[in-house]
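Asker: What would the 3D arrangement of this be:
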Amino acid sequence: MNKREKKSFNKAIKKAEKLTNPKQINQLLEQAEAKAKRHAKRIEKLWDDLVTMISLVKAWVRREYKGIPLKTIILMLAAIIYFVNPFDAIPDFLVAVGFIDDATILGFVLASLRNDLQLFRDWQKLKKPISST
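Answerer: Coordinates of the predicted model:
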């Protein structure tokens, strides 16, 4: 992560710390899902973890999934804010390179939260009923 990315990501963390309204969080998650779908090929390697992270935050907002520290949720929200923001360290409208910093930040956060994502996946599996067919 370079200095510009770090500075922009720190701003995203500050925004995430202030984000308390479930409706606003859900709107942010919808924006992230839409952007992820538009750029699915570019984030192919991050796709599963990004989808899991968004699902985890949704479950946390609904108060279904509680086994995660607030600090981790803030880090996830900050990564999503950074991802959604078109004017981060490298603006997204710079077609050739504008998405590189988004992928860098997402990759960094997702890698650092790999255990939390796996715990959530395990929780999801336990939550789903097993069919007898």
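
Asker: How is the residue nearest the centre of the chain assigned, secondary-structure-wise?
Answerer: Geometric centre of the chain, nearest residue: I80, 4.0 Å, by CA atoms, centre = their mean. At I80, secondary structure determined by DSSP: H, G, I helix; E, B strand; the rest coil is helix.

Asker: That one and K35, how far apart?
Answerer: 10 Å (CB to CB, to the nearest Å). C-beta: built from backbone N, CA, C; applies to glycine.

Asker: cool, and K14?
Answerer: Going from K14 to K35 by CB to CB gives 21 Å.

Asker: give me the number of residues near the nearest residue to the residue nearest to the centre of the chain once chain neighbours are set aside?
Answerer: Of all residues not flanking I80 in the chain, A32 sits nearest, at 4.8 Å (CB to CB, 6 or more residues apart in numbering). A32: 22 surrounding residues under other CB atoms under 10 Å.

Asker: Distance-wise, check A32 relative to K15.
Answerer: Taken as CB to CB, the span from A32 to K15 is 14 Å.

Asker: cool, K23 as well?
Answerer: 16 Å.

Asker: of these two, who's got more company?
Answerer: K15 (16 against 8).

Asker: Could you say which helix or strand holds the more buried one?
Answerer: helix 3-18 (DSSP states H and E).

Asker: Over to the closest residue to V84 other than its chain neighbours: give its phi and psi.
Answerer: By the measure of CB to CB, 6+ apart, the closest residue to V84 outside its immediate chain neighbours is Q31, 4.7 Å from it. Dihedral angles of Q31 (phi, psi; degrees, to the nearest 10) stand at phi -60, psi -40.

Asker: mind listing what's buried in the host helix or strand of Q118?
Answerer: Assigned by DSSP H and E, Q118 belongs to helix 114-127. Neighbour-count burial for helix 114-127 flags 116-117, 120 (criterion: 16 or more other CB atoms under 10 Å).
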